[in-house]
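[1] model the following, please.
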Amino acid sequence: MPIEFWIILWQVLLVIALVLFGIMAVVVTIGGAADILRLLKTLREEHARSVADQHQGDTDAVS
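    This is a model prediction of the structure:
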């Protein structure tokens, strides 16, 4: 096989690998951002619930 074949083959494989890497980077970034937003929402809800429970406990102790 001529050397030009191998040069073209490796160039094509390099381009394919770079395109796949770019696609995966975008997918992981979007998925990670969604996970972080879900985490922050959960933390806010738990904090609000904790504050409400703590406030409820303070009211019961005063009564």
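
[2] switch to C-alpha atoms for all contacts and neighbour counts from now on
    Noted.

[3] give me the distance between Ala25 and Leu18.
    Note on Ala25: its distance to Leu18, by C-alpha to C-alpha, to the nearest Å, is 10 Å.

[4] let me redo that: Val27
    Separation of Val27 from Leu18 (C-alpha to C-alpha): 14 Å.

[5] same check on Leu9?
    Going from Leu9 to Leu18 by C-alpha to C-alpha gives 14 Å.

[6] what strand or helix carries Leu39?
    In the assignment (DSSP states H and E), Leu39 maps to helix 3-62.

[7] which strands and helices sit next to that helix?
    Using 3 or more C-alpha pairs under 8 Å, 6 or more residues apart in numbering; DSSP states H and E as the contact test, no helix or strand touches helix 3-62.

[8] how distant is it from the center of its chain?
    Averaging C-alpha positions (C-alpha atoms, centre = their mean, to the nearest Å) puts helix 3-62 1 Å from its chain's average.

[9] I'd like the mean pLDDT over it, please.
    The predicted model gives helix 3-62 an average pLDDT of 93.

[10] list the contacts for Gly22?
    Applying C-alpha atoms under 8 Å, 6 or more residues apart in numbering to Gly22 gives no contacts.

[11] how much space between it and Val12?
    To Val12, Gly22 is 15 Å away according to C-alpha to C-alpha.

[12] how much space between the most centrally placed residue in the chain and Ala25?
    Nearest residue to the geometric centre of the chain (C-alpha atoms, centre = their mean): Gly32, 0.6 Å. From Gly32 across to Ala25, the span is 10 Å (C-alpha to C-alpha).

[13] what does Val19 give?
    From Val19 across to Ala25, the span is 10 Å (C-alpha to C-alpha).

[14] and Ser50, by the same measure?
    Ser50 is 37 Å from Ala25, by C-alpha to C-alpha.

[15] repeat for Lys41
    To Ala25, Lys41 is 24 Å away according to C-alpha to C-alpha.

[16] what do you get for Trp6?
    Separation of Trp6 from Ala25 (C-alpha to C-alpha): 28 Å.
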